[in-house]
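*Asks:* Attaching a predicted model along with its sequence, questions to come.
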Amino acid sequence: MPLYEYECPACGETFSLLKKISQKDDPTPCPNCQQASKRLISSFALSGSSNGGAASRPPSAPSGFG
Ligand SMILES: [Zn+2]
């Protein structure tokens, strides 16, 4: 999923979200004030892949196993 940038017209908060392309134009609430934010034009200038920048996941405990 590509990363989209949004800007809140109410408080000016800018944030980025991973969304499906089909959902890129869906209403996105601002994380600061929950107002509908506007999607910014993001440039896909990010070429290549960086190693070691993966987000760490919290340890998931297997539930109901055994
Ligand atoms: Zn806001």
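*Replies:* Arrived safely, thanks for sending.
*Asks:* neighbours of K19, just the number please.
*Replies:* Number of residues near K19 (other Cβ atoms under 10 Å) recorded here: 17. Every residue, glycine included, has its C-beta placed from N, CA and C.
*Asks:* From the ion, how far off is the closest residue in space to P2 that isn't next to it in sequence?
*Replies:* The shortest distance from P2 to any non-neighbouring residue, by Cβ to Cβ, 6 or more residues apart in numbering, is to I21 (6.5 Å). Computed as Cβ to the ion, to the nearest Å, the I21 to the ion distance reads 24 Å.
*Asks:* repeat for L18
*Replies:* 19 Å.
*Asks:* Enumerate every residue touching the closest residue to that residue other than its chain neighbours.
*Replies:* Excluding the flanking residues, the one nearest L18 by Cβ to Cβ, 6+ apart is M1, at 4.6 Å. By Cβ atoms under 8 Å, 6 or more residues apart in numbering, the contact list for M1 reads 18-21.
*Asks:* same thing but at 10 Å, please
*Replies:* With contact taken as Cβ atoms under 10 Å, 6 or more residues apart in numbering, M1 is in contact with 17-21, 23-24.
*Asks:* Same check on A10?
*Replies:* Taking Cβ under 10 Å, 6+ apart, one finds 30, 32-37 in contact with A10.
*Asks:* So it: helix, strand or coil?
*Replies:* Using DSSP: H, G, I helix; E, B strand; the rest coil, the three-state assignment for A10 comes out as coil.
*Asks:* Before we move on, what's the pLDDT of it?
*Replies:* Note on A10: pLDDT of 96.
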